[in-house]
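Colleague: Coordinates for the following, if possible.
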Amino acid sequence: MVAATVIKKISMAVVSSGIIALSTGGLAQAAIIVPNGLEATEGNINNGWPFGLGFQGRYQQVYSASEFASLSVPQLISQITFRPDSDFGNQGAFSSTLSNILINLSTTTSTPDNLSSIFANNVGADNVTVYSGSLLLESADEGPDAGPKNFDIVINLQNPFLYDPTKGNLLLDVKNFAGGNTIQFDAQGNLDIINGDSVSRQWSFDPNFATANGQDTIGLVTKFTFKSVPEPSTALGTLAISVWGAALLKRKHQKKTT
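Modeller: All right, here's what the predicted structure looks like:
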């Protein structure tokens, strides 16, 4: 009886390892900074919205799908990160809790510098609430004085968003219901009116407004952290091998005891 119990525990451990492999295996992380090319370059402007300067309202920012060309397959956005602006002066470290924030991500057919002033028209069918509730934002304000500062204003998404750039551009949609105080974030404004750029924004000063109060070509410099979606065949194969191994181990034990 003792031997049978031991074998059962071993078998269950092998099966459990297969389930863990199914749920976590292959989730390699990668990051993309938008606009591309600003990893080691300071943006040309700053922006405190939608997380600071007492902003209370709705904010949409669109990112061109072309900025995500390095994604060979759809991947899960698990984290969004910003960095302090350095051109605005020595702002210093900060820590601030915004009491009521709603953040959504979706794929959109709207393009940079051509957002519909009606917010709902920009929201894609795959719209997902990735964060809701109070949000702690903080920065150590570390990095060269001339910039760029470190990406350390981190938002870990409560729900990841599966983004496929072949389906359209990426829309960040933020409703800030209660304002808050942070610092100026690094941002990029369009200097090429003819050819356009990869980001733009619009906003209202009431989170419940259906239409925007203003638009411009500025966008927060944003770092997106992705988790790769594991191949189903690989994950299921790992589980199948684990279960097969457990069954074989049990069969060998039964032969010895009969």
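
Colleague: how much space between F177 and T211?
Modeller: 18 Å (Cβ to Cβ, to the nearest Å). All C-beta atoms are positioned from the backbone trio N, CA, C, and that covers glycine.

Colleague: Kindly report the same for F151.
Modeller: Counting by Cβ to Cβ, the gap from F151 to T211 is 32 Å.

Colleague: Comparing the two, which shows the higher neighbour count?
Modeller: F151 (20 against 13; other Cβ atoms under 10 Å).

Colleague: For that one, give me its contacts.
Modeller: 33, 81-83, 223 (Cβ atoms under 8 Å, 6 or more residues apart in numbering).

Colleague: hmm, 7 Å instead?
Modeller: Counting by Cβ atoms under 7 Å, 6 or more residues apart in numbering, F151 touches 81-83, 223.

Colleague: go on, P74?
Modeller: Listed by Cβ under 7 Å, 6+ apart, the contact set of P74 reads 162-164, 229.

Colleague: doesn't Q215 make contact with N190?
Modeller: No: judged on Cβ atoms under 7 Å, N190 makes no contact with Q215 at a distance of 11.9 Å.

Colleague: who has more neighbours, those two?
Modeller: With neighbours defined as other Cβ under 10 Å, N190 and Q215 compare such that N190 has more, 20 against 16.

Colleague: helix, strand or coil for that one?
Modeller: Following DSSP: H, G, I helix; E, B strand; the rest coil, N190 is assigned to coil.

Colleague: Next one: it from D216, what distance?
Modeller: For N190, the distance to D216 - Cβ to Cβ - is 9 Å.

Colleague: Also F224?
Modeller: Applying Cβ to Cβ, the value for F224 to D216 is 22 Å.

Colleague: Just the strands from the stretch 101-250 of the chain, written as ranges.
Modeller: Along the stretch 101-250 of the chain, counting by DSSP state E, counting those that start in this stretch, strands occupy 128-139, 153-163, 169-176, 185-188, 199-204, 214-216, 219-220, 222-228.

Colleague: Report the strands that pair with the third one, each with its relative direction.
Modeller: According to DSSP bridges, strand 169-176 forms sheet pairs with strand 57-63 (antiparallel), strand 94-108 (antiparallel).

Colleague: Give the bridge partners for I32, please.
Modeller: Here I32, judged by DSSP bridges, has bridge partners F224.

Colleague: Could you check how far it is from A93?
Modeller: According to Cβ to Cβ, I32 stands 26 Å off from A93.

Colleague: what's the pLDDT at the closest residue to V128 other than its chain neighbours?
Modeller: Leaving aside its chain neighbours, V128 sits nearest to F161 (5.0 Å; criterion: Cβ to Cβ, 6 or more residues apart in numbering). Per-residue pLDDT puts F161 at 98.
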